[in-house]
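Engineer: Give me a 3D structure for the following:
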Amino acid sequence: MKKITLTLLCTSAILLGCAHEEKPQLLIADHHTAENSLDWAGSYEGVFPCADCEGIRTKLTLQADKRYILEEEYLTNRPGIKQFTHSGHFEFQSDNPSLIRLDDQAEQRFFFVGENYLEARQMESGDAIVSNLNYTLKKQ
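Structural biologist: You can find the predicted model right below:
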């Protein structure tokens with residue numbers, strides 16, 4: 001009887017020792033976003049493509065209080081207004097904190113915020129523009 005009890009205890013101990021117990025993983029939240037990790041405030045310049053002119057010289061100034069000034073100059077010899085300035089507020093997108101969206105004054109345009117550059121995005125969705133043309137503004 002002692003041998004059976006001892007055998008059962010040893011077998012139980014071995015089986016319990018082999019049981020796989022998952023240890024809870026420690027998840028460390030990484031709260032680094034373009035808004036809090038990059039030096040995004042400043043002026044960005046570049047020339048965007050234009051369907052019927054040489055390009056659109058663009059300067060976008062982002063201020064630390066989340067105001068912006070957008071200056072655009074159409075590079076053309078045609079008569080008429082060639083320069084436009086818009087100003088207002090922008091916000092970082094909660095679902096994609098690397099994107100900013102300008103307010104209605106600038107047609108709610110999206111820009112991706114990178115290290116020392118902004119990249120224009122599709123106006124409706126904020127998705128990347130797939131093109132070989134330049135849609136990047138460089139920080140000055």
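Engineer: residues in contact with the residue nearest the centre of the chain?
Structural biologist: Centroid check for the chain by CA atoms, centre = their mean gives S98 as the closest residue, at 1.7 Å. By CB atoms under 8 Å, 6 or more residues apart in numbering, the residues touching S98 are 33-34, 112-114. All C-beta spots, glycine's among them, are computed from the backbone N, C-alpha and C.
Engineer: out of everything not next to it in sequence, what's closest to it?
Structural biologist: Nearest residue to S98 in three dimensions, chain neighbours excluded: A34, at 4.4 Å (CB to CB, 6 or more residues apart in numbering).
Engineer: what about the one you found, how many neighbours?
Structural biologist: Per other CB atoms under 10 Å, the neighbour tally for A34 reads 18.
Engineer: is it true that it touches F92?
Structural biologist: Yes: here A34 reaches F92: they are 6.9 Å apart, a contact under CB atoms under 8 Å.
Engineer: Quickly list what's touching both of these two.
Structural biologist: By CB under 8 Å, 6+ apart, A34 and F92 have these common neighbours: V113.
Engineer: what sits up against whichever strand in the chain runs longest?
Structural biologist: For the chain, the strand with the greatest residue count under DSSP state E is strand 83-92. Outside of strand 83-92, the residues that reach it under the criterion CB under 8 Å, 6+ apart are 33-35, 62, 66-74, 99-106, 113.
Engineer: Neighbouring strands - and their directions - for it?
Structural biologist: Looking at strand 83-92 with DSSP bridges, its partner strands are strand 67-74 (antiparallel), strand 99-102 (antiparallel).
Engineer: any idea which helix or strand comes after the shortest one?
Structural biologist: For strand 99-102, the following helix or strand on the C-terminal side (DSSP states H and E) is strand 110-114.
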